[in-house]
Every structure is written in C-alpha cells, then in structure tokens.
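> Predicted model follows, preceded by the sequence.
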Amino acid sequence: VRRQMPRPDFDRECFDPELSAEGPQSKSLRLGHCCEPVLHGLENTLIYCASMEQSETKKYTAKIKKLPRSQIEISAIIPAMEFDAVRSEAIRRIGADAELPGFRKGHVPESILVAKLGEGAILEEMAEISIGKAYPSVIVDNKLDVLGRPEVRITKIAMGNPLEFTIVTAVFPEINLPDY
C-alpha cells in the first residue's frame, strides 16, 4: 500500500522495495514494524507503518469514563491467552540486559533468570508488552484523540488470568460553539 499522508496513520502493510526479500526490483509487500515515518524513493512519499502487528485486528473489552479537565479513564482487559503468549518475549527482553556472575551479558538461561529475578519481574514485563500492544488498538477502535503520556495502573495481574488495567490520559477538549 503506497500513498502520501498528511499525518500519521496506521497501515497494516507498507511497500518497501529495499527491505523486501526479492530486492529493489520486487513489488512484494512487507509487514511494517515501525511507527516512524519512512521516506521512500525519489518521490518523497511518506509511509507510516503500525508497530502493533496483531493488536489492530483484535477487539479488547474496554470501558471509557470521562473525567474532568479533558481527561478520560480507560479500563480494559487483555485475555489470558494473549497475556500468557508474551511470556517468552518478556523473558527475552529481560535476559538481553541481565548480568549475572558466571554468565555473559544477555546469555543467562531462562530458569536461572526466573529464579534470580522472580516471577513478579517477568509479569511486569509481560504487562508492559501486552499493554503496549493493546493501548493503540483501544484508541483506534474507540476513535479517541489522546494527548501526552498515559498514566497506567495495573489492577489485576497473574499467570493464567486476564490482565486488567486502567489508563488515565488527556484528550482534546470538546468545544461546543453556540448558534449565532
């Protein structure tokens, strides 16, 4: 999919001949894994890709409550199967920076990493990954115009259970113009 866009938009695929497996002459599509604009070719065509591989197509259970001062509270639930599926990615992320005596940096076995850091640290990383995938999807699905960095509060976290969290974030204020 190739088009010029005035502002960021989430696309599922982007055409990038330089990064496709067949080389620059190919017309194949590559799934995008970035949110930053990428300049393609001599036409200066701006293409945006979604970093949320699967979250764009998934629907999450979310309740939205308006708060004073142009803020909203989003209460959402991530299904247990989806939450548990990111465990290996969480361990890989934690393990990449782990430094334990007797092991090279990033090469600590999973069992030792879990024993030293504890299950809580892995659950926190799993929550961060899951919320990072779910939050953009909730925003897009509910057509919210959010601003700034959200304040995330995890309300329920455990292996084998759905992840429940609450996000408080600012939105563009609603302005009602009177008839004149």
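Yep, it's here.

> Nearest residue to residue 172 in space, please, no chain neighbours.
Spatial nearest neighbour of residue 172, excluding adjacent residues (C-beta to C-beta, 6 or more residues apart in numbering): residue 145 at 4.4 Å. Backbone N, C-alpha and C define where each C-beta goes, glycine included.

> pretty sure the one you found is touching residue 171, no?
Yes. Distance between residue 145 and residue 171: 5.7 Å, which falls inside the contact criterion (C-beta atoms under 8 Å).

> the more surrounded of the two?
A side-by-side neighbour count of residue 145 and residue 171, using other C-beta atoms under 10 Å, places residue 171 first with 17 against 10.

> is the more buried one in a bridge, and if so with what?
Beta-bridge partners recorded for residue 171 (DSSP bridges): residue 146.

> Check it and give its pLDDT.
Reported pLDDT at residue 171 in the predicted model: 94.

> gap between the residue nearest to residue 172 and residue 124?
Relative to residue 124, residue 145 is positioned 29 Å away (criterion: C-beta to C-beta, to the nearest Å).

> Residue 158 now?
When residue 158 is compared with residue 124 (using C-beta to C-beta), they lie 12 Å apart.

> of these two, who's got more company?
In this view residue 158 and residue 124 are compared by other C-beta under 10 Å, and residue 124 has more residues nearby, 16 against 11.

> could you check the distance from the nearest residue to the more buried one once chain neighbours are set aside over to residue 130?
The shortest distance from residue 124 to any residue that is not its chain neighbour, by C-beta to C-beta, 6+ apart, is 7.8 Å, and that residue is residue 157. Distance, residue 157 to residue 130, using C-beta to C-beta: 10 Å.

> Ok, residue 119 next?
Noted for residue 119: a distance of 16 Å to residue 130, by C-beta to C-beta.
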